[in-house]
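K.L.:
Turn this into a model:
(one chain, ligands or ions: 1)
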Amino acid sequence: MASIQQIKSMKGKQKIVMLTAYDFPTARLMDDIVDIILVGDSLGMVVLGYENTTKVTMQDMARATESVARGAKNALIVGDMPVGTYKNEKDALKNANLLLKAGAHAVKIENKPEIAEFLVKNDIEVMGHIGLTPQTITNFKVQGKNEEDAKKLLEEAEAMDKAKCFSLVLECIPMQLAEKITKSISMPTIGIGAGIHCDGQVLVTHDILGLFDAFKPKFVKRYANLSDIMKKSFEQYAKEVREAKFPSDEYSFH
Ligand code: KIV
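P.N.:
Residues are numbered from 1 along each chain as shown. Now for the predicted structure:
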């Protein structure tokens, strides 16, 4: 398994590869390929069909983390803590431990350096997340574009670094700011819509496979169009059943 120490030592030397997974078969397929599997609360949108991530529960995340852990034996598994589950130290500790019990090796939280510090002091590895933080943000745009906002983001990154997070997701910020943050902090940065200078990259798997087409942010590159392949398979199956062509002899018992 990729250890926290290995991930930290990749900073500035080797790019860190992270993708999301929410189930056993996907985790199994990517396990030998990626360094980190994030069981993201993006599950709410790409799997459960909610409009955003705010309805995702601990139960949803624990179940998904358990499935991923059954499929992944090499990659580091990070479980995302849903909104409202780390509003104070007591809740954060209880819920982080639920994700660890489900099979995560670390948890991810959006901002909140004081909670990150508390979890780390309690031997829980934490990945931070700043920039466009979907659990709380109201303007879904590139963050940190003016000087004041950029300074605030740099301060937030430094606070998460001081809290001893082992890595930091930078979401949807200008690449020059991501470069500055990456050079200013000791932990690796993992970008999503944050340019090439981050220490690693993450995308939502359903986005890169073309399985989620409600919208496509500029930073998403589609590496496949599985929606088309799936739809064609469903259509072919339906046609063959309706025309009494399936199951043919080959698929029948005698
Ligand atoms: O939930 C998620 O998938 C995430 C990534 C987009 C970083 O937080």
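
K.L.:
so Ile36 touches Ile4, yeah?
P.N.:
No - contact criterion Cβ atoms under 8 Å: Ile36 and Ile4 do not qualify, at 10.1 Å. C-betas here are computed from N, CA, C, even on glycine.

K.L.:
Now the common contact residues for the two.
P.N.:
Counting by Cβ atoms under 8 Å, 6 or more residues apart in numbering, the shared contacts of Ile36 and Ile4 are Leu76.

K.L.:
Which of the two has more residues huddled nearby?
P.N.:
Ile36 (23 against 15; other Cβ atoms under 10 Å).

K.L.:
Get me the contact residues on the stretch 101-250 of the chain for the ligand.
P.N.:
Neighbours of the ligand within the stretch 101-250 of the chain, by Cβ under 6 Å from any ligand atom: His129, Val169, Ile192, Val202, Val204.

K.L.:
Put together a markdown table for the residues you listed, with secondary structure on each row.
P.N.:
Below are those laid out as a markdown table (DSSP: H, G, I helix; E, B strand; the rest coil):
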| residue | secondary structure |
| --- | --- |
| His129 | strand |
| Val169 | strand |
| Ile192 | strand |
| Val202 | strand |
| Val204 | coil |
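
K.L.:
Tell me where this protein has helices.
P.N.:
Secondary structure of the chain by DSSP state H: the helices cover 4-9, 24-30, 43-46, 58-71, 89-102, 113-121, 147-162, 175-184, 205-208, 226-242.

K.L.:
Could you figure out how far the fourth one is turned away from helix 89-102?
P.N.:
Helix 58-71 runs at 30 degrees relative to helix 89-102, counting by axes from the mean of the first three to the mean of the last three Cα atoms, to 10 degrees.

K.L.:
How about residues contacting helix 58-71?
P.N.:
21-29, 31, 37, 39, 41, 43-44, 47-48, 77, 79-82, 85, 95, 98-99, 101-104.

K.L.:
Please render the helices of the chain as JSON lines that adds mean pLDDT to the earlier fields.
P.N.:
JSON lines is the format used below for these (pLDDT from 0 to 100):
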{"stretch": "helix 4-9", "mean pLDDT": "98"}
{"stretch": "helix 24-30", "mean pLDDT": "98"}
{"stretch": "helix 43-46", "mean pLDDT": "96"}
{"stretch": "helix 58-71", "mean pLDDT": "98"}
{"stretch": "helix 89-102", "mean pLDDT": "98"}
{"stretch": "helix 113-121", "mean pLDDT": "98"}
{"stretch": "helix 147-162", "mean pLDDT": "98"}
{"stretch": "helix 175-184", "mean pLDDT": "98"}
{"stretch": "helix 205-208", "mean pLDDT": "97"}
{"stretch": "helix 226-242", "mean pLDDT": "97"}
